[in-house]
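Asker: Sequence and predicted model, in that order:
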Amino acid sequence: MPKITFISPENKEYVVDAKIGKTLMQIAVTNNVEGIDADCGGACACATCHIIIPKEYRAKTGSAHEDESALLDFLDNRRAGSRLSCQIEMTEDLDGMVVKVPALY
C-alpha cells in the first residue's frame with residue numbers, strides 16, 4: 001500500500017498507509033495527525049486541513065481550484081505549495097510524499 005508522511009506543526013512524523021482514492025484529509029484524520037482538524041469534514045469550507053505540498057509533487061497534485069484558493073487566501077501562513085488536504089485525492093503517484101502541516105497561526 002502507498003505511504004504518505006505528515007509532519008505535524010510540532011515536527012512529529014506520521015508515516016501512514018494511504019489508500020488510493022481517499023483524500024489526504026481522510027487519511028490524516030483516520031491516523032489522528034496533529035494539526036489536521038478538518039472542521040468541515042472535507043467540504044472545502046474551513047481551511048483547517050491546510051498542508052504544504054513539496055515542490056517535486058506539486059505537478060502531481062495539481063493546482064488549487066478557485067474556491068480552495070479563496071480559502072487559502074485567508075490564511076496568514078499561506079505559501080508556495082499550500083493546499084487543502086480535503087481537495088487532494090491519493091494516487092500511486094503520491095506514494096512516498098512528505099507533507100508539512102503548518103501551525104494554524
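Answerer: Good, I have the coordinates. This structure is a prediction, so every number in the text was calculated from the model and none was measured.
Asker: CA atoms for contacts and neighbours, from now on please.
Answerer: OK.
Asker: hang on, residue 51 packs against residue 102?
Answerer: Yes: with contacts counted by Cα atoms under 8 Å, residue 51 reaches residue 102, the gap being 6.4 Å.
Asker: Neighbour count for those two, which is higher?
Answerer: Counted by other Cα atoms under 10 Å, residue 51 and residue 102 do not tie: residue 51 has more neighbours, with 27 against 20.
Asker: show me what contacts that one?
Answerer: 81-85, 99-102 (Cα atoms under 8 Å, 6 or more residues apart in numbering).
Asker: Mind checking which of the residues you listed are buried?
Answerer: The neighbour-count test (16 or more other Cα atoms under 10 Å) marks 81-85, 99-102 as buried among the contacts of residue 51.
Asker: ok, which stretches of the chain are strands?
Answerer: For the chain, strands defined by DSSP state E occupy the ranges 3-7, 13-17, 50-52, 82-84, 98-100.
Asker: can I get those in JSON lines with distance to residue 68?
Answerer: Converted to JSON lines, those look like this (distance: least, Cα to Cα, whole Å):
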{"stretch": "strand 3-7", "distance to residue 68": "20"}
{"stretch": "strand 13-17", "distance to residue 68": "25"}
{"stretch": "strand 50-52", "distance to residue 68": "10"}
{"stretch": "strand 82-84", "distance to residue 68": "7"}
{"stretch": "strand 98-100", "distance to residue 68": "18"}
